[in-house]
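Asker: Here's a sequence, model it:
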Amino acid sequence: MKTDSQTSTPALEGFAPLAERYDGFICDLWGVLHDGVIAFPHALECLEALKARGKKIVILSNAPRRAAEVEGRMNEMGIRPDLYQGVMSSGEETWRHLKTRPDSFYQSLGQACFHLGPDRDQGMRQDLDYRFVETIPEADFLLNTGAHMSEDTLDNYRHELEEAAQHKLPMICANPDLEVIRGGKREICAGLLAEAYEELGGKVRYHGKPHVEIYDSCFAMLEGIDRSRIAAVGDSLRTDIAGAQAAGVDGLFVVGGIHAEALGIAEGQLPSASSLDALYRDRGITPAAALPVFRW
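Answerer: Predicted coordinates for the structure are as follows:
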């Protein structure tokens with residue numbers, strides 16, 4: 001353990017010192033277990049070590065796709081089904097709300113949906129009783145699953161967002177993340193488009209971390225474990241750690257993910273205590289512990 005008088009939370013070299021403190025874990029996917037291209041070998045070893053000690057793990061992703069699709073891609077990367085209890089995604093929660101219309105927001109939506117997102121997210125449309133339209137003036141609401149191309153910027157979408165705001169269309173955001181790192185390169189996510197839409201006066205309904213509603217599905221998969229014995233692992237203070245705190249569980253911060261560049265560290269390194277504290281103060285969020293990567 002590395003701590004000093006400046007450190008507001010312990011910074012650990014690996015996960016082993018935390019294992020006996022918790023019985024269940026809600027684990028982020030992108031930036032913790034894989035980088036969008038390959039699974040991290042050290043993360044697989046950590047999952048194996050936790051499984052060997054009888055720990056239960058649920059995967060919680062802000063991917064704007066159905067949980068089965070997310071799980072299929074995980075398995076292709078080598079994250080085996082026997083290493084976790086189940087998978088939940090922001091896309092799955094979004095789809096379920098679109099399907100069942102459980103509250104007044106969804107009950108007030110019309111039938112015409114403009115899908116702002118790439119072709120790979122077409123699964124979000126399946127088995128839904130909506131009419132998917134090609135232009136914004138035809139639409140009653142927007143379903144936002146993110147950018148079309150990996151190299152896109154916010155400027156690519158300003159015209160569509162401005163047009164939708166003029167028509168006062170409500171937006172459903174299926175991924176609150178602002179950005180993600182895929183194979184070492186940053187890409188914008190649906191959350192950035194939703195944030196820009198709100199700045200234009202648009203109304204947005206979010207699904208996924210850090211919004212507490214999605215954690216109920218995770219707790220159901222960790223039935224029988226008291227929340228004091230559950231921790232959430234993630235690389236984003238804004239979504240993973242804030243979401244953990246909102247859900248009433250400890251947040252364990254993997255510093256080598258989305259914040260690595262801001263902290264000025266290479267993979268596997270821990271930043272200085274003063275750098276961590278400065279980041280926590282800047283974001284207004286403090287985790288229960290920090291680790292370089294998700295390794296044992």
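Asker: Can you list the residue ranges for helices in the stretch 1-150 of the chain?
Answerer: Under the criterion DSSP state H, counting those that start in this stretch, helices of the stretch 1-150 of the chain are mapped to 41-52, 67-77, 90-100, 104-107.
Asker: same question but for the stretch 151-296 of the chain, I mixed them up
Answerer: Remark: helices assigned in the stretch 151-296 of the chain by DSSP H, counting those that start in this stretch are 158-166, 190-199, 215-221, 242-247, 260-263, 273-283.
Asker: Quick check: which of those helices is nearest to residue 55?
Answerer: Judged by CB to CB, the one of those that comes nearest to residue 55 is helix 215-221, at 13.1 Å. For the C-beta atoms, the positions are set from N, CA and C on the backbone; glycine is no exception.
Asker: now for that closest one, which elements pack on it?
Answerer: strand 56-61, strand 86-89, helix 242-247 (3 or more CB pairs under 8 Å, 6 or more residues apart in numbering; DSSP states H and E).
Asker: Apply 6 Å and report the result again.
Answerer: strand 56-61, strand 86-89 (3 or more CB pairs under 6 Å, 6 or more residues apart in numbering; DSSP states H and E).
Asker: Buried by neighbour count: which residues of stretch 223-234 qualify?
Answerer: Neighbour-count burial for stretch 223-234 flags 225, 230, 231, 232, 233, 234 (criterion: 16 or more other CB atoms under 10 Å).
Asker: Could you provide the residues you listed in a markdown table, with additional columns for pLDDT and distance to residue 57?
Answerer: A markdown table is the format used below for the buried residues of stretch 223-234 (pLDDT from 0 to 100; distance: CB to CB, whole Å):
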| residue | pLDDT | distance to residue 57 |
| --- | --- | --- |
| 225 | 98 | 11 |
| 230 | 98 | 10 |
| 231 | 98 | 11 |
| 232 | 98 | 11 |
| 233 | 98 | 9 |
| 234 | 97 | 13 |
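Asker: Reformat those residues as a markdown table; add distance to residue 44.
Answerer: Conversion of these to a markdown table gives the following (distance: CB to CB, whole Å):
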| residue | distance to residue 44 |
| --- | --- |
| 225 | 23 |
| 230 | 22 |
| 231 | 19 |
| 232 | 19 |
| 233 | 14 |
| 234 | 17 |
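Asker: Confidence-wise, which helix or strand of this protein is lowest on average?
Answerer: strand 179-182 (a mean of 83; mean pLDDT, DSSP states H and E).
Asker: Okay, now the sheet partners of it, with direction.
Answerer: As defined by DSSP bridges, the strand partners of strand 179-182 come to strand 185-188 (antiparallel).
Asker: Residues touching the partner strand, excluding its own?
Answerer: Identification of contacts with strand 185-188 by CB atoms under 6 Å, 6 or more residues apart in numbering yields 147, 150, 179, 180.
Asker: of those residues, closest to residue 56?
Answerer: The closest of these to residue 56 turns out to be residue 180 (CB to CB; 26.3 Å).
Asker: weakest of the helices of the stretch 151-296 of the chain by average pLDDT?
Answerer: Mean pLDDT is lowest for helix 260-263 out of these, coming in at a mean of 88.
Asker: contact partners of that helix?
Answerer: Residues from elsewhere that reach helix 260-263 (CB under 6 Å, 6+ apart): 271, 275.
Asker: how close does the nearest residue to residue 29 once chain neighbours are set aside get to residue 246?
Answerer: Distances taken as CB to CB, 6 or more residues apart in numbering place residue 61 nearest to residue 29, at 4.0 Å, with adjacent residues excluded. Distance of residue 61 to residue 246, given as CB to CB, to the nearest Å: 17 Å.
Asker: These two: which is more packed in?
Answerer: Each of residue 61 and residue 246 has its neighbours counted (other CB atoms under 10 Å); residue 61 has more, 27 against 15.
Asker: and which of the contacts of strand 185-188 is nearest residue 275?
Answerer: Nearest member of those to residue 275, counting by CB to CB, is residue 179, at 20.3 Å.
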